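Undergrad: Build me a structure from this.
(2 chains)
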Amino acid sequence: PGWVPASLERAAALTAAAMAAGLALRGVVAARRRGGLWGRLPPLPAAPRRPAAHFAFQPDPAPSAYGQTQKMNLFQSITSALDNALAKDPTAVIFGEDVAFGGVFRCTVGLRDKYGKDRVFNTPLCEQGIVGFGIGVAVAGATAIAEIQFADYIFPAFDQIVNEAAKYRYRSGDLFNCGNLTIRAPWGCVGHGALYHSQSPEAFFAHCPGIKIVIPRSPVQAKGLLLSCIEDKNPCIFFEPKILYRAAVEQVPVEPYNIPLSQAEVLQTGSDVTLVAWGTQVHVIKEVATMAQEKLGVSCEVIDLRTILPWDTETVCKSVVKTGRLLISHEAPLTGGFASEISSTVQEECFLNLEAPISRVCGYDTPFPHIFEPFYIPDKWKCYDALRKMINY
Amino acid sequence: MRKMLLAALSRVLQGPAATAAAAGRTASRVMVASRNYTDFANEATFEIKKCDLHRLEEGPSTTAVLTREEGLHYYKTMQTIRRMELKSDQLYKQKIIRGFCHLYDGQEACCVGLEVAIKPTDHVITAYRVHGFAYARGVPVRTILAELTGRKGGCAKGKGGSMHMYTKNFYGGNGIVGAQVPLGAGIALACKYFGKNEVCLTLYGDGAANQGQIFETYNMAALWKLPCVFICENNRYGMGTSVERAAASTDYYKRGDFIPGLRVDGMDVLSVREATKFATEYCRAGKGPILMELQTYRYHGHSMSDPGISYRTREEIQEVRSKSDPITLLKDRMINNNLASIEELKEIDVGSSTDISACCPQAAPQAPLGLVAHLGAL
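TA: Below you'll find the model as predicted:
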């Protein structure tokens, strides 16, 4: 009862000392915040509040049709898809800047060790060279999976994609083609990317017949769609929403599986408004649909377009025929963004069914800003506001 | 308290002559000797490393004369850049600077050596590791920090951030590497066209050296004899890729093929200065473009998101810091040749730290540029 072992006593003393130090430190920090210790040192700047992400990732239920699943985030599901592709197809190679050590977003971790340095290798800093080289690899019969480090850097390769890859089959009368080529690139806003790490360039490529453009919203979607792109007989560009690389976690099948291209997915059926988006924005409009139901009693049909080119006009038009109202949302700037294409086609096909003008909620027509990103992106409030206007039209 | 003590000490050392200056402590500090002028040498001559040459009969001089005044100026500029970069590191970790931040510490001798060899009317363009260049070209520290934190007092009104800083005759600040090189040649063409005997320094890194548009630019510049000095800042790593793994030829000074080139020790501000003088003279004489490779090193990783040790060892970084640090090199030279005293240089150290810290609270409370202005008027 009265006797305390020496070690315990020492521990208690140490704890007391630590607590005292901690309190003292808190006092110091507080004093500095207030206006300086001894009135001499400049006060610590108040820690800035980090704005919350503009979306909340909503995972889909684990698919049961493809066997055993494992918890994976987006970049892990990409690694899994690439792993499956390299295992199944002995001619498949992965190349790009920094892919050997695993990639700046960790999408290719472990693949070089598993498949060897002649199948997973780095290229120098040369996007035009990477894609041109990839076209050559594909034409010669191997499966080429090229990585462009950020979609913002894809423009030096624009000529190769648009003038070479997209037109190869056509101009050679099907003698040659580079269908074995898939280009992957991180895409979209990430919270702090500024001008050159946030762009969504799908609209530039949508204007080019001969290629396919695919954008997944989640890990399960990403793996299935990427495998379909790799196996597709046309050159494909696969944009990966970089903000979801870690934020999106789902149960993803371990075995390979395919999700068909050019098929949009209706995530939620509704009767009053059709909402269309792709990539990260799908999660924004899902939330908008919930808000609309709760606050306005409006029932929304939510569609993930998935493939931008060639896009699933049937699903979207069928939906608009039913609801009469369409809202399309994307991060890319408004003018010439892909929403304009959807809008144009839908008004051609469903003119008499429309109850209100088609609404596009997009980024502003400026370069992607360094600051004010939360104001730039088409968040749920802007979408909700546009939806309300459509309902009240 | 510490500030008070140091202030008192320096006042004592400076003597009565400097009290007036000390009383009004502003960012423009007047450097006054702590000893009499006659105690110091006016100038000293140093041996500098001979440059490797490509298609050149003669290279820059292997000796450089450094006056006391020049030495102090170079020292202060390099130290300010070093402290500013370390402060930016701190601010980034406090999340006051956000987005991307590429730091220049270790490479100070390059931007300072280049700047002192050219005139303010000459032109400079580089990629994204620009804080040092912005300062050397005349952007005050406060403005740089304001730009980093996205405030309207920044040199690009806060719209550009770390990678996009601009000022008169300094064209940035470019995110897509290699894209600035044809621009540099265009600026050189304008120089030639206007006939004002100006040159354009066009910089890029070892990673970007493999971009196609650089070779297109070499061709155009040589064909039209443009007064363009191509400068490859080779800091051995393109992000995380060492030069050996990225380039078939790491002799970047030879990559211009038909363009003469020289390889320079980029950690020695005098070597950079002499080489740049040589190169600009060449261009101004109308002989066409020339290529300089500056062999340098960065202590930080590629950006603040890169710890910088997964592709190189801490030992390597330490070795460069201890053997080739540009500021230490200059300091040793000046002290060993009686161009300055240790106390004097220490005072510069302390002074630049204080000045930069003083800029921080000012950088913070400034308002960010108004949203309407941001999105409306471009």
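
Undergrad: pretty sure A:D98 is touching A:N122, no?
TA: Yes: between A:D98 and A:N122 there is a contact at 6.2 Å, judged by C-beta atoms under 8 Å. Just so you know, the C-beta spots here come from the backbone N, C-alpha and C atoms, and that holds for glycine as well.

Undergrad: who touches both of the two?
TA: With contacts taken as C-beta atoms under 8 Å, 6 or more residues apart in numbering or on different chains, the residues that reach both A:D98 and A:N122 are B:T241.

Undergrad: Which helix or strand contains B:L103?
TA: Taking DSSP states H and E as the definition, one finds B:L103 inside no helix or strand.

Undergrad: What is the burial count for it?
TA: 26 (other C-beta atoms under 10 Å in any protein chain shown).

Undergrad: And it, how far from B:M267?
TA: 16 Å (C-beta to C-beta, to the nearest Å).

Undergrad: repeat for A:C300
TA: 62 Å.

Undergrad: for A:P124, same thing?
TA: 25 Å.

Undergrad: From the neighbour counts alone, determine which of those two ranks first.
TA: Between A:P124 and B:M267, counted using other C-beta under 10 Å, B:M267 has the larger neighbour count: 26 against 19.

Undergrad: For the more buried one, give me its contacts.
TA: Taking C-beta under 8 Å, 6+ apart as the test, what B:M267 contacts is B:A109, B:Q295, B:T296, B:Y297, B:V320, B:S324, B:D325, B:P326, B:L329.

Undergrad: Of the residues you listed, which belong to helices?
TA: Under the assignment DSSP state H, these contribute B:A109, B:V320, B:S324, B:P326, B:L329 to helices.

Undergrad: Highest neighbour count among these?
TA: Counting by other C-beta under 10 Å, top hit in the ones in helices among the contacts of B:M267: B:A109 with 30 neighbours.

Undergrad: residue contacts, it?
TA: Taking C-beta under 8 Å, 6+ apart, one finds B:M78, B:G266, B:M267, B:D268, B:V269, B:S271, B:V272, B:T296, B:P326, B:L329, B:L330 in contact with B:A109.

Undergrad: Show me where the chain dips below the pLDDT cut-off.
TA: Because you didn't say which chain, this covers chain A. A:1-51 (pLDDT under 70).

Undergrad: Sorry, I should have been clearer: chain B.
TA: If you take pLDDT under 70 as the line, chain B has these spans: B:1-38, B:361-378.

Undergrad: so where do the strands sit in it?
TA: Here chain B has its strands, by DSSP state E, at B:43-47, B:52-54, B:63-67, B:123-125, B:200-205, B:228-234, B:237-238, B:241-242, B:261-265, B:290-295.

Undergrad: TSV for those, including mean neighbour count and distance to chain A?
TA: Below are the strands of chain B laid out as TSV (neighbours: other C-beta atoms under 10 Å in any protein chain shown; distance: least, C-beta to the nearest C-beta, whole Å):
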stretch	mean neighbour count	distance to chain A
strand B:43-47	13	36
strand B:52-54	17	21
strand B:63-67	15	34
strand B:123-125	25	17
strand B:200-205	27	9
strand B:228-234	28	13
strand B:237-238	23	6
strand B:241-242	18	6
strand B:261-265	26	20
strand B:290-295	27	17
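
Undergrad: Ok, which of those comes nearest B:H302?
TA: With respect to B:H302, and counting by C-beta to C-beta, the nearest of the strands of chain B is strand B:237-238 at 7.2 Å.

Undergrad: residues in contact with the closest one?
TA: A:P124, A:L125, B:G205, B:D206, B:G207, B:A208, B:V243, B:A246, B:R298, B:H302, B:Y311, B:R312.

Undergrad: Go through those residues and say which is closest to A:S64.
TA: B:Y311 (42.6 Å).

Undergrad: what number of residues lie near the nearest residue to the closest one once chain neighbours are set aside?
TA: Distance criterion C-beta to C-beta, 6 or more residues apart in numbering or on different chains; nearest residue to B:Y311, sequence neighbours excluded, is B:G240 at 4.1 Å. The number of residues packed near B:G240 is 20, by other C-beta under 10 Å.

Undergrad: likewise A:I303?
TA: Count around A:I303 with other C-beta under 10 Å applied: 26.

Undergrad: Next: B:M220.
TA: With other C-beta under 10 Å as criterion, B:M220 counts 17.

Undergrad: next one: the one 3 residues further on
TA: Residue neighbour count, defined by other C-beta under 10 Å, stands at 11 for B:L223.

Undergrad: Just the endpoints, please. Distance across stretch B:227-246?
TA: End-to-end distance for stretch B:227-246, by C-alpha to C-alpha, to the nearest Å: 29 Å.

Undergrad: no wait, stretch A:65-81
TA: So stretch A:65-81: terminal residues 17 Å apart, C-alpha to C-alpha.

Undergrad: Stretch B:165-179 now?
TA: Stretch B:165-179: ends 16 Å apart by C-alpha to C-alpha.
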